[in-house]
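Enquirer: Mind folding the following:
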Amino acid sequence: MRVTFRFEPESGVLELPVHYNHFVQAAIYRNLDEALADWLHKEGYSYGKRRFKFFTFSRLLSRTRRYNPVTKTLEIKGQFTLKVGSLDVDFLESLMLHLVKKGEMKLNGTVCHLVTAEVEMPVKASGPITVRTLSPIVVYSTLTDATSRKKTYYYNPWEQDFQEKILANLMRKWVAFHKCGEPPPLVRAYIKPLRVNKRNEVIAIFKGTVIKGWTGIYELQLPEPYFSLAYDAGLGSKNSQGFGMVEVVNN
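Expert: Presented below is the predicted three-dimensional model:
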């Protein structure tokens, strides 16, 4: 399930750091039932040592965004859109209820009035489809070098591990959400870049941590229920930090 929120800054302009994901994530948590927010933040859905939150969100979408070289900030004038997806219906219902009741959300101290909140129609995939990223897809491994120091390696879309780790991640998510030991098979599943080049590489900073991801247009083949899982909860890793949301270009 996904919801499209449209906001308008009270002052007419929303000013944010270039790396603003943690402001959006914090605003989402502030607008959930306290018990749900606390459970998601501290626990979530478990798979071994991994913890999944099962929500993701887009970048702030606007045609009037620009970088201010003087203040080194991002400025969004007028209305902007935020899309939020989750496998957990209670999560989205709580978020919608709080935002509609309050009528606003604060980002970096700026009051942004809620203009509309619309539940998106479910998308069903049959065969390969083309998707566009709404936030970068992140795929990585944590490696240990000869001196036992840990290093994070981020994969690019042309490496085979990019696809393999996305698919393995989806199977782990399925097990964690459904609390069962054997996920359904991923038959003939794949993801491949269609219109992606070096300019689609995104280097983001989330609470001091450097994260590398990729935007662009991809061909995606996923059987149900994996397509719905990926569409609602995100592709790849770090979804609850605002990575891995896609939309269908054609179906």
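Enquirer: Check what contacts stretch 41-55 and list those residues.
Expert: 28-29, 40, 84-88, 91-92, 172-173, 175-177, 232-234, 239-240 (C-beta atoms under 8 Å, 6 or more residues apart in numbering). Just so you know, the C-beta spots here come from the backbone N, C-alpha and C atoms, and that holds for glycine as well.
Enquirer: Selecting buried members of the residues you listed in ChimeraX, what would you type?
Expert: Of the contacts of stretch 41-55, the buried ones go into a single ChimeraX selection, burial set by 16 or more other C-beta atoms under 10 Å:
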select :28,29,40,84,85,86,87,88,91,92,173,175,176,177,232,233,234,239,240
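Enquirer: among the contacts of stretch 41-55, which are in strands?
Expert: 84, 85, 86 (DSSP state E).
Enquirer: In space, what's closest to the first one - neighbours in sequence excluded?
Expert: Distance criterion C-beta to C-beta, 6 or more residues apart in numbering; nearest residue to residue 84, sequence neighbours excluded, is residue 57 at 4.7 Å.
Enquirer: My read is that the one you found contacts residue 27, right?
Expert: No: contact status for residue 57 versus residue 27: not in contact, 9.8 Å apart, counting by C-beta atoms under 8 Å.
Enquirer: When these two are compared, which one has more neighbours?
Expert: Taking neighbours as other C-beta atoms under 10 Å, residue 57 and residue 27 compare with residue 57 leading, 28 against 18.
Enquirer: which helices and strands sit right next to the longest strand belonging to the chain?
Expert: The residue-count maximum for a strand in the chain (DSSP E) belongs to strand 110-119. Counting contacts by 3 or more C-beta pairs under 8 Å, 6 or more residues apart in numbering; DSSP states H and E, strand 110-119 is packed against strand 2-9, strand 13-17, helix 89-102, strand 104-107.
Enquirer: tilt between that strand and strand 13-17?
Expert: Following axes from the mean of the first three to the mean of the last three C-alpha atoms, to 10 degrees, one obtains 100 degrees for the angle between strand 110-119 and strand 13-17.
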